[in-house]
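Engineer: Here is a sequence with its predicted model. Questions after.
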Amino acid sequence: MAGLPAAMAILMDTFDRYAGKEGDKKTLSKGELTELLRNELPGASASDKAAVDEFFSMLDDDKDGVVDFKEYVTFVTALTVICNQ
């Protein structure tokens, strides 16, 4: 598998590896998102609680207290656009 299908598979696999450790397998809790950031984006500062809280709040578009797959994909897309500039 190469190209876009491979990228989509990685995106889904990464979400699935972290989601559900603390509850619903279709969402990321704040702790799960922190772990994802720490492991998948080592340059990101996931140790500053206030920054993580603010970032989580920004990603949690519908303010339901979790980050669902759509919100996660929106984040990855925005990050990809920033990296491409």
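Structural biologist: Arrived safely, thanks for sending. Numbers count the residues shown, from 1 in each chain.
Engineer: and Leu59, how many neighbours?
Structural biologist: If you count neighbours by other CB atoms under 10 Å, Leu59 ends up with 18. (Each C-beta comes from the backbone N, C-alpha and C, glycine too.)
Engineer: So it is in contact with Gly65, correct?
Structural biologist: No - Leu59 is not in contact with Gly65 according to CB atoms under 8 Å; the separation is 11.4 Å.
Engineer: residues contacting the spatially most central residue of the chain?
Structural biologist: Centroid-nearest residue in the chain: Tyr72, 4.6 Å away (criterion: CA atoms, centre = their mean). Shown in contact with Tyr72 (CB atoms under 8 Å, 6 or more residues apart in numbering): 15, 28, 59.
Engineer: So which of the residues you listed belong to helices?
Structural biologist: 15, 59 (DSSP state H).
Engineer: Phe75 contacts Phe56, doesn't it?
Structural biologist: No - Phe75 is not in contact with Phe56 according to CB under 8 Å; the separation is 10.4 Å.
Engineer: what sits in contact with each of these two?
Structural biologist: In contact with both Phe75 and Phe56: Val67, using CB under 8 Å, 6+ apart.
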